[in-house]
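[1] Got a predicted model here, sequence first, then my questions.
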Amino acid sequence: MASAALAGTLAMAGCSQHDKAPEPPANVTFTGYDDADLRARVGEVITKIRQRDTAGLAHLDLDEKGRRGGPDADRGAAWLVRYFAEPLSGPVQAEIDSEQTGPLVQVCLTYGKPQRQIMLDFNDYGEDGADLDGGDGLWPFSASIFAEVADQPPKTKTIPGTFCEAGHV
């Protein structure tokens, strides 16, 4: 009887006795900061890029005021899909920067032969906007930051001594 009550309590709380992080996409390994929700969102972003799902990728963009998508997110997502769907189709290492404090977390994707990198930004704020005290665990993806380079092929810069030093766009 106690386990039925526990299961009922867990169901009401929106979780189960067997909740666990989803499996990462095929050929993706994670290192760095260990947050199941963030890793799930990074995996979702990689999957949407691989599937060439521009609209779905843009929909993951949520600005600090709680607005989803928009023209900049559409342009940035289209650029990522155009230039990274094929390169990210093989093995990818996603390193989540464990040195970040505050709502911004950077993720370095290492892929290809020879190895290349691109840095992506994720934010820990919710649908109501910025929450510097921990957010909602939604981890919106900032596709819109790539809108300013959407009209040109990717050019990454190397900044020695920084996180994801060869993946700065």
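    Perfect, I can see it now.
[2] Helices of this structure, start to end?
    Secondary structure of the chain (DSSP state H): helices located at 2-12, 36-50, 54-59, 71-84.
[3] pLDDT at the nearest residue to residue 48 once chain neighbours are set aside, what is it?
    Closest residue to residue 48 apart from its sequence neighbours, by Cβ to Cβ, 6 or more residues apart in numbering: residue 57 at 4.3 Å. Placement of C-beta: from N, CA and C, glycine included. At residue 57, the model reports a pLDDT of 96.
[4] Repeat that for residue 78.
    For residue 78, the pLDDT comes out at 97.
[5] again, but for residue 104
    Residue 104 is assigned a predicted lDDT (pLDDT) of 83.
[6] Going forward, count from 13.
    Sounds good: first residue 13 from here, last item residue 116.
[7] okay, now it: neighbour count?
    13 (other Cβ atoms under 10 Å).
[8] Please name the bridge partners of it.
    Counting by DSSP bridges, residue 116 is bridged to residue 135.
[9] Please report the distance of residue 61 from residue 174.
    Per Cβ to Cβ, to the nearest Å, residue 61 is found 23 Å from residue 174.
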